[in-house]
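In: Let's see this in three dimensions:
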Amino acid sequence: MTETIDHFAAILQAKGITVFTRINQQAEAEKVGLSLPPTQLLLFGNPKAGTFLMVAEPTIALDLPLKVLAWEATDGKVWVSYNDPNYLKQRFSLSDELVKNIAIIAPLIYQALSSAYHK
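Out: Numbering: from 1, shown residues only. Got it, this is the predicted structure:
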């Protein structure tokens, strides 16, 4: 699971996309005496692209920067989730032009997953 997030973060950085932070939610749970399967959240984006979105619709800042969640299920499979740009378009009534600023997320995730598992 860590390898999946590491690989995705490396692709983002290679493309010049800012990785703002990475939260190891399993480690945070352990700090308070709780157990959680491996779970990590990566926050990333492009401040220039995101600013245009927030100017047009300030409440989109609830979903920016973009996020990818990776977690390991009880069967050992790793899952990756994110908010699809079309969902954000509908949620915040964004124009097609503005959605282009965040549409890169899906292709980058597919690139990361396909290259990570087809070595």
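In: What values do phi and psi take at the residue sitting furthest away from the middle of the chain?
Out: Distance to the chain centre peaks in the chain at residue 33, reaching 26.8 Å (criterion: CA atoms, centre = their mean). Dihedral pair for residue 33: phi 80, psi 20, per degrees, to the nearest 10.
In: mind checking the SS state of residue 42?
Out: strand (DSSP: H, G, I helix; E, B strand; the rest coil).
In: Quick one: low-confidence residue ranges for the protein.
Out: Within the chain, the stretches with pLDDT under 70 are 115-119.
In: what about the strands in it?
Out: Taking DSSP state E as the criterion, the chain carries its strands at 18-24, 39-45, 66-72, 78-81.
In: And the residue farthest from the centre of the chain, how close does it get to residue 8?
Out: Plainly put, residue 33 is 30 Å away from residue 8 if you go by CB to CB, to the nearest Å. The way it works is simple: take the backbone N, C-alpha and C, and place the C-beta from them, glycine included.
In: same deal with residue 29?
Out: For residue 29, the distance to residue 8 - CB to CB - is 22 Å.
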